[in-house]
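A.B. asks: Provided below are the primary sequence and the corresponding predicted coordinates.
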Amino acid sequence: MQIIICHEPENWADDAADEVSRQLARNPASRLSFATGATTLPLFDELVRRHEEGRIGFSQATCFQLDEYRGLGAEHPASCAHTLINRFYNRINIRKENCHFLDGLNAAPVEFCREYESLIQEGGGIDLQVLGIGLNGHIGFNQPGTPFDSPTHSAKVEDFTWQKNTRFFKNPEDNPRDALTMGVATILSAKKIILMARGGEKKDILCKALFGPVTEDVPASVLQKHPDVLVILDHSLSKLCSS
Ligand code: GLP
């Protein structure tokens with residue numbers, strides 16, 4: 001595991017964007033996956049900027065959605081699909097048919113998740129997975145207690161995360177209690193993983209996730225078992241595990 005501290009807020013997304021650029025240079029038909037949430041928005045903007053400058057192209061790339069609220073379609077402004085489409089996919093040259101979504105409106109989530117997992121694994125897995133981390137250590141929507149061998153599945157959004165995410169909803173009652181998510185095993189099967197985190201409030205959970213015991217109580221701790229993880233932190237997280 002490699003850890004990079006980014007000291008200048010204006011360059012927050014550069015290292016992650018460099019990795020995406022390198023990945024696409026190695027293999028233009030790479031299979032990518034990006035977390036949504038506040039952390040990765042600057043990365044989308046940076047990748048769009050590089051695309052507009054002709055420095056990066058997505059015409060052969062494929063993207064798989066990491067997680068989604070159940071009950072929300074892509075037209076809902078708080079859905080993860082809405083963010084991916086409007087903040088990222090519509091601003092780069094990725095082909096629509098190469099963007100795979102977790103359908104939050106699907107009435108048969110078990111079958112849907114099984115097929116989504118097959119689509120990922122039978123096509124050769126994810127080449128580069130970009131993650132954020134929740135304050136309780138969740139990755140995707142894999143909450144504490146999620147088995148490490150879980151594939152893509154329907155998950156409960158535990159209370160703590162639900163409370164945190166109400167900020168994305170005009171009406172808190174619209175905030176779903178269930179989600180679809182790539183599982184911990186799906187995430188771990190990616191060839192390379194980037195974990196991005198910023199803001200001092202994530203210090204304690206990052207200390208546990210990166211240096212504590214590997215336990216299902218802290219889903220992100222599973223990343224310690226992956227051979228190729230890049231962690232990108234901002235200056236407020238430069239002294240992890242110290243008071
Ligand atoms: C959300 C999402 C995750 C995201 C994480 C961190 O609940 N399910 O995919 O990475 O929490 O979000 P943020 O970047 O806003 O802190």
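C.D. replies: Thanks, I have the structure now. Numbers count the residues shown, from 1 in each chain.

A.B. asks: How about the secondary structure of residue 114?
C.D. replies: When classified by DSSP: H, G, I helix; E, B strand; the rest coil, residue 114 comes out as helix.

A.B. asks: Surely residue 229 and residue 2 touch.
C.D. replies: Yes: with contact defined as C-beta atoms under 8 Å, residue 229 reaches residue 2; the gap is 7.3 Å. Glycine gets a C-beta too; all of them are placed from N, C-alpha and C.

A.B. asks: In the helix or strand of the chain with the lowest mean pLDDT, which residues are buried?
C.D. replies: Lowest by mean pLDDT, DSSP states H and E among the helices and strands of the chain is helix 159-165, with a mean of 89. Neighbour counts using 16 or more other C-beta atoms under 10 Å place 161, 162, 164, 165 of helix 159-165 among the buried residues.

A.B. asks: The first one: what's it in contact with?
C.D. replies: In other words, residue 161. The neighbours of residue 161, taking C-beta atoms under 8 Å, 6 or more residues apart in numbering as the test, are 134, 135, 136, 138, 141, 143.

A.B. asks: I'd like the distance between residue 177 and residue 133.
C.D. replies: Look at residue 177 and residue 133: by C-beta to C-beta, to the nearest Å, they are 21 Å apart.

A.B. asks: Looking at the two, which has the bigger crowd around it?
C.D. replies: residue 133 (24 against 12; other C-beta atoms under 10 Å).

A.B. asks: from what I can see the more buried one touches residue 139, true?
C.D. replies: Yes: using C-beta under 8 Å, residue 133 is in contact with residue 139, at 6.2 Å.

A.B. asks: Name the residues contacting each of these two.
C.D. replies: Overlap of the contact sets of residue 133 and residue 139 (by C-beta under 8 Å, 6+ apart) consists of 195, 220.

A.B. asks: which residues in this protein form strands?
C.D. replies: Here the chain has its strands, by DSSP state E, at 2-6, 31-34, 62-64, 67-69, 99-100, 128-131, 153-156, 178-181, 192-197, 229-234.

A.B. asks: how about these in JSON lines, adding mean pLDDT, distance to the ligand and mean neighbour count?
C.D. replies: JSON lines is the format used below for the strands of the chain (pLDDT from 0 to 100; distance: least, C-beta to the nearest ligand atom, whole Å; neighbours: other C-beta atoms under 10 Å):
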{"stretch": "strand 2-6", "mean pLDDT": "95", "distance to the ligand": "15", "mean neighbour count": "14"}
{"stretch": "strand 31-34", "mean pLDDT": "98", "distance to the ligand": "9", "mean neighbour count": "24"}
{"stretch": "strand 62-64", "mean pLDDT": "98", "distance to the ligand": "13", "mean neighbour count": "23"}
{"stretch": "strand 67-69", "mean pLDDT": "97", "distance to the ligand": "5", "mean neighbour count": "25"}
{"stretch": "strand 99-100", "mean pLDDT": "98", "distance to the ligand": "16", "mean neighbour count": "18"}
{"stretch": "strand 128-131", "mean pLDDT": "98", "distance to the ligand": "6", "mean neighbour count": "26"}
{"stretch": "strand 153-156", "mean pLDDT": "96", "distance to the ligand": "10", "mean neighbour count": "19"}
{"stretch": "strand 178-181", "mean pLDDT": "97", "distance to the ligand": "7", "mean neighbour count": "24"}
{"stretch": "strand 192-197", "mean pLDDT": "98", "distance to the ligand": "8", "mean neighbour count": "24"}
{"stretch": "strand 229-234", "mean pLDDT": "97", "distance to the ligand": "12", "mean neighbour count": "21"}
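
A.B. asks: The ones you listed into TSV, with extra columns for distance to residue 169?
C.D. replies: Shown next, in TSV, are these (distance: least, C-beta to C-beta, whole Å):
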stretch	distance to residue 169
strand 2-6	30
strand 31-34	21
strand 62-64	25
strand 67-69	10
strand 99-100	24
strand 128-131	22
strand 153-156	17
strand 178-181	14
strand 192-197	23
strand 229-234	26
